[in-house]
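Student: Fold the following, please.
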Amino acid sequence: MGLGVTGLAYGQATTGSIFGSAPVAAGETVMVQAANGSTREVAVGADGRYSISSLPVGRYTVSLRKDGQTLATQENVTVSPGGGTSVPFAAASAQNAQNLGAVQVVASALPAIDVTSVNSSTIITAADLAKLPVQRSAESIALLAPGTVRGSQYFRGGNAVAFGGSSVSENAYYVNGYNTGEPYRNIGGFQLPYGAIDQQETLTGGYSAKYGRSDGGVLNQIGKRGTNEWHFGAQVVWEPRFLEAHPTNNYYGNPTVPAPIANPNSLDGLTHYELADPSKPGTLRQYRSDNKQWQTVYSAYVGGPLIKDKLFMFLAAETTRTNSTNVENDDLSDVQYNRDRSTKFYGKLDWNITENNVLEITALNSRQTTGAGSTYNFDYSTQKATDFKTPNDVVKDNAQFYIAHFTSYIADNLTLSILYGKAKYQNPTIYGNTSPLPFISRATYENPAFLPNGVPIRNAQTNTSWDSANATNSSSGLRADLDYKLGDHDLSVGIDNVRYGAKNQGPNQVNPFNPSLNYYWRYYPDNTVRSREIGWQTSMTTTQKAYYLQDAWQITPSLLLNIGVRNDHFTNYNNVGQAFVDEKNQWEPRIGVSWDVFGDSSFKIYGNVGRYYLALPENAAERAANTSTFITTHYSYTGIDPTTGVPTGLTQLSPPTSPDGEFGLPKDPEQVTARNLKPEYLDEFIAGFDKQLNEHWTYGAKAMWRDLKAAIDDECSPSRIGTKMTAMGLNPNDYSDSLYGAAYCRLINPGETNDMLIRSNDGTSSVLVPMSMQDWGYTQGVKRKVGSLNLYLEHPFDGKWQARIDYTYSRGFGNTEGQVRSDFGQADVSKTEDWDSAELMDGQNGELINTRKHQLRIRGAYQITPEWLVSGTLLAQSGVPKECLGYYGPAGVGDPTGYNNGGTGNYHWCHGVRIPPGRAGHTPWTKPLNLGVHYTPEFADHKLAFNLDVFNVFNEQKAIQTDPVGEAAYNGGTDSAGNPAPDMVFIQNTYGGALFYETPRTVRLSVTYDY
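Tutor: You can find the predicted model right below:
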């Protein structure tokens, strides 16, 4: 026990440790006392060192004692999740230790560096949140950590975060030790009421073998708990509409129209280019000036002892009312008036059953109603709302969590921890729009010859598909950890199991208010139209199991080695309970080292090497393993219904097609995935140092390298499997049902040799077809490499001021973002367009969208007087890579995969030139500055606070993502009547224009009372 071994550092932890040194004397002990009265006491070792691990996060009083009497005390010692806090007692002299002199209060001007940690984390406490101008979400807090970037607004409206170049679905969310990540796509997760957050740890890498299932980052929130003193408080937060700056309007740009290029197969030997609508440049694309959001938040909490020193409670509730206006672009020409409401509840009981046994019970509840309100038609000529269109569709997200955590300090060197959690999610959609008509897409491309007034014709329908009113998700998890200290070693062993279930998830193409309607219409600039049927509503389950071994070995008093291994087992089941992915024995070594150079926690050099596996969330079954429909039928038309916008006089130009073979047929679970499929995983390498510059400042540097070694995505190239079968001496025609039927797209490891099981047409036999990278036609395998260097300088809060500056240089390059695609918002997890064909990957190798070459973070607070405090945050970042997606090949008209039938470019080619991401330029730098002013009057004993926070002070509204689609449609060398015509590719009017902007300047006013 005298060794400096502490609790392991990990991202989902709810405990930490206290360690240090003391003068050597017989009978010495160190005792820690929590705010709830619980105590733990250990002996000081013969070398003068002590350690107390598995302490719940919070504040402690630490005392040096001899023969039961206190010699020295340090108060308000903070324990953070997964970390160690150094409390040395050098000020308690050896003479006092022998003579039992007067009690000394020991304090350190600068918190010592945590030499027990080998991870990369940023911890923001409730005290920090009270000072800093930060938006009220876990993701906004996470963006204070170096190496993080805000995800595309396609995902959760931009309220998602990416770590170290990974995609937004590769993170883990935890509250009080339980995984609260959104179970279906794993984009986002449940978060505590803002006032209930005690600490949030944002982990960007380097965690131990105890935890996994993330190759991005971890957002770990620890809720507040009751103590021996009663506390209560309330807060009102107001973001008024009249103080929000007007969003900038979006105008059509004037994309360059390329000169004709050679095309030997064209009527005149050329491919010509024309702007899809020459009248658009400079005109209004989206009227955004009134697209504002205003919000009011009411919150309250109470906590204290039900039985002093024994039983404690903490309750917090928060309700948020948000109103917004959203004028859609000119293609839809409507305006939505939305009323959203969310309510969160957090309850916690802490029971000190005995001195050595503790039970914690947490209840969480979240109810969100999104979209209530109405939609009106919007007249772009007058920029005014006109007639009522439809009630809005309302989404109701309800989530409930129950978590029980039992900890037994069996002996000073043996601790048992058992955590069990259960959750249920309900996310029904209640449709206010009951129109029986089909949706009209891209009405601006309607043939003007059929528009008497020249105005596009639409109808009341706002939906292309429908979600279920009975959609649910559930999860249950059990983990058990046993920690044993043996000499120089802190040994841990445990299990970590979780099960997910989903029912009635995904879109349905059948209109519930017109069961005979299962399609919508999309118009094209070549005066044709397509019907589109889209739907794959279904159910599925997932299990994730793991066990681990971990050793924290204090090789010397100043050298700590963390070495561990984790084994994960992931299984995904389809809608009838058949496993289509079963990944066993995923071994993950984790090795970390920390060197306390001077032995006084003032200078640490550390390093970490680890492998991290990522499971497939439930959504993987949606289109990969279960029945799915995506059918397009191409028509010419001779008229448009003047009241519904539906095309008339239809002539079918081609049979119905489905680029990915999604014709609504059941799928064989053994054929939809490679038989030797591996999970996604990456290897990570970290090296860095932290050093005290003087008694006020610390500084440091950290280098990180992340290399994605395997990924999962789907291929949709059955003809290439047929070619390989022919080379194997097989007749693909005998297996054509499997090749071109319901199992058209299959999950593979790009770049690896994938064994594909193909069944014969009569079902009596099957064959394994080994498909190498070359067989698929790929020129390289999966590639996502990200390197970064972070430099920081920090002045911790000393009662007067605090500041931290981080500069991060990052480079990310490769051909895979990860499980989703941000450039056009594809959230089909591990089933993106990437790898569907070799041609789609041609030119994909370039810069990664979730890295920023340069990032500068500054945050700080200054206590002007005891009553007044000012604070600020700045996040300056370079831009994201731009793209140009179009038709394939040097002739500029290729569509070998058939995806451009959707009417937008999909290949990394434009006007006959290969254009990898980043080659088309970058979005501009963004530099939003947030400032806060806080007044806590002395007459209220500083318990009452008036706060003013201004976000994006200078109202910077730059484009943060632009439209990547350069080429919109191709006439195929024929006119709408099927007669030969020069090959013509239409340049999309919106190419290069802003998809999303920075949020305009907003002002937040709040009043808080804490007693």
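
Student: can you give me how far stretch 272-282 is from the chain middle?
Tutor: Relative to its parent chain, stretch 272-282 has a centroid offset of 37 Å by CA atoms, centre = their mean, to the nearest Å.

Student: repeat for stretch 592-610
Tutor: Worked out by CA atoms, centre = their mean, stretch 592-610 lies 30 Å from the chain centre.

Student: average pLDDT for it?
Tutor: Across stretch 592-610, pLDDT averages out at 95.

Student: Just the buried residues of that stretch, please?
Tutor: 592-596, 600-610 (16 or more other CB atoms under 10 Å). Backbone N, C-alpha and C define where each C-beta goes, glycine included.

Student: Between these, which sits nearest V565?
Tutor: G610 (10.3 Å; CB to CB).

Student: Show me what the helix or strand containing the closest one packs onto, helices and strands only.
Tutor: Using DSSP states H and E, G610 falls within strand 603-614. If contacts are counted by 3 or more CB pairs under 8 Å, 6 or more residues apart in numbering; DSSP states H and E, strand 603-614 sits against strand 579-596, strand 680-692.

Student: Nearest to L270 among those strands would be which one?
Tutor: strand 680-692 (44.2 Å).

Student: what lines up beside the closest one in the sheet?
Tutor: Sheet pairing of strand 680-692 (DSSP bridges) gives strand 603-614 (antiparallel), strand 698-710 (antiparallel).

Student: so that strand versus strand 579-596, what angle?
Tutor: Our comparison of strand 680-692 with strand 579-596, counting by axes from the mean of the first three to the mean of the last three CA atoms, to 10 degrees, yields an angle of 20 degrees.

Student: Would you reformat the helices and strands packed on strand 603-614 as JSON lines and include distance to Q780?
Tutor: Shown next, in JSON lines, are the helices and strands packed on strand 603-614 (distance: least, CB to CB, whole Å):
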{"stretch": "strand 579-596", "distance to Q780": "24"}
{"stretch": "strand 680-692", "distance to Q780": "17"}
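
Student: among those strands, which is nearest E244?
Tutor: Among the helices and strands packed on strand 603-614, strand 680-692 sits nearest to E244 (CB to CB), with 40.4 Å.

Student: per-residue confidence averaged over the closest one?
Tutor: Strand 680-692 comes out at a mean pLDDT of 97.

Student: Relative to the whole chain's centre, how far out is that strand?
Tutor: For strand 680-692, the gap between its own C-alpha mean and the chain's C-alpha mean amounts to 21 Å (CA atoms, centre = their mean).

Student: L682 touches G610, doesn't it?
Tutor: No. L682 lies out of contact with G610 (CB atoms under 8 Å); the separation is 9.2 Å.

Student: Packing partners of the strand or helix carrying Y337?
Tutor: If you go by DSSP H and E, Y337 is part of strand 334-354. The helices and strands touching strand 334-354, judged by 3+ CB pairs under 8 Å, 6+ apart, are strand 311-327, strand 357-379.

Student: so where is this structure shaky, pLDDT-wise?
Tutor: Along the chain, segments meeting pLDDT under 70 span 1-12, 90-111, 901-903.

Student: Check it for its longest helix and report it.
Tutor: For the chain, the helix that runs over the most residues, judged by DSSP state H, is helix 718-727.

Student: Can you mark which positions in that one are buried?
Tutor: P718, R720, I721, G722, K724, M725.

Student: check contacts around the second one.
Tutor: So the one you mean is R720. Residues near R720 by CB atoms under 8 Å, 6 or more residues apart in numbering: M771, D775, W776, G777, A838.

Student: Would you reformat the residues you listed as CSV and include neighbour count, secondary structure and distance to L931?
Tutor: Below are these laid out as CSV (neighbours: other CB atoms under 10 Å; DSSP: H, G, I helix; E, B strand; the rest coil; distance: CB to CB, whole Å):
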residue, neighbour count, secondary structure, distance to L931
M771, 22, strand, 57
D775, 18, helix, 58
W776, 23, helix, 53
G777, 16, coil, 54
A838, 18, helix, 51
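
Student: With respect to F439, which of these is nearest?
Tutor: Of all the contacts of R720, A838 has the smallest distance to F439: 33.7 Å, by CB to CB.

Student: Nearest the geometric middle of the protein, what residue?
Tutor: V168 (3.4 Å; CA atoms, centre = their mean).

Student: Please list all residues in contact with it.
Tutor: Counted by CB under 8 Å, 6+ apart, V168 has contacts G151, S152, F155, A160, V161, A162, I187, G216, V820, S822, N850.

Student: I960: which of these is nearest?
Tutor: Within the contacts of V168, proximity to I960 (CB to CB) peaks at S152, which comes in at 8.6 Å.

Student: That closest one: what's its closest spatial neighbour, skipping adjacent residues?
Tutor: Among residues not flanking S152 along the chain, S822 sits closest, at 3.8 Å (CB to CB, 6 or more residues apart in numbering).

Student: and that neighbour, how many neighbours?
Tutor: 24 (other CB atoms under 10 Å).

Student: Pull the contacting residues for it.
Tutor: Applying CB under 8 Å, 6+ apart to S822 gives the contacts G151, S152, Y154, F155, S167, V168, I849, N850, Q961.

Student: Show me just the buried residues among those residues.
Tutor: Buried among the contacts of S822 by 16+ other CB under 10 Å: G151, S152, Y154, F155, S167, V168, I849, N850, Q961.

Student: Pick out the most distant pair among the residues you listed.
Tutor: Farthest pair in those, by CB to CB: S167 and Q961, 14.7 Å.

Student: what separates the strand holding Y337 from the chain centre, distance-wise?
Tutor: What separates the centre of strand 334-354 from the centre of its chain is 20 Å, taken as CA atoms, centre = their mean.

Student: and it, which residues are buried?
Tutor: Buried residues in strand 334-354, counted by 16+ other CB under 10 Å: 334-336, 338-340, 342-352.

Student: In the sheet, which strands lie alongside it, parallel or antiparallel?
Tutor: strand 311-327 (antiparallel), strand 357-379 (antiparallel).

Student: Can you add mean neighbour count and give the ones you listed back as a markdown table?
Tutor: Formatted as a markdown table, the strands paired with strand 334-354 follow (neighbours: other CB atoms under 10 Å):
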| stretch | mean neighbour count |
| --- | --- |
| strand 311-327 | 19 |
| strand 357-379 | 18 |
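
Student: Let me see the contact set for the nearest residue to K724 once chain neighbours are set aside.
Tutor: Spatial nearest neighbour of K724, chain neighbours left out: D775 (5.0 Å); criterion: CB to CB, 6+ apart. Residues near D775 by CB under 8 Å, 6+ apart: R720, T723, K724.

Student: of those, closest to P924?
Tutor: Among the contacts of D775, and counting by CB to CB, the member closest to P924 is R720, at 41.3 Å.

Student: Alpha carbons only: can I get stretch 158-177 in CSV?
Tutor: Extracted C-alpha coordinates of stretch 158-177, given in CSV (Å, rounded to 0.1, in the frame of the first residue of the first chain):
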residue,chain,number,x,y,z
GLY,A,158,-24.3,20.0,-36.2
ASN,A,159,-24.6,19.0,-32.6
ALA,A,160,-22.2,16.1,-33.0
VAL,A,161,-18.4,15.9,-32.6
ALA,A,162,-15.6,14.2,-34.3
PHE,A,163,-12.3,13.1,-32.6
GLY,A,164,-8.9,12.8,-34.2
GLY,A,165,-10.3,12.5,-37.8
SER,A,166,-12.8,9.8,-37.0
SER,A,167,-16.5,10.0,-38.0
VAL,A,168,-19.2,11.2,-35.7
SER,A,169,-20.6,7.7,-35.1
GLU,A,170,-17.3,6.4,-33.6
ASN,A,171,-17.6,7.9,-30.1
ALA,A,172,-18.9,6.6,-26.8
TYR,A,173,-21.2,8.5,-24.4
TYR,A,174,-21.3,7.7,-20.7
VAL,A,175,-23.2,9.0,-17.7
ASN,A,176,-22.2,7.7,-14.2
GLY,A,177,-20.4,4.7,-15.8
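
Student: Cool, thanks, signing off.
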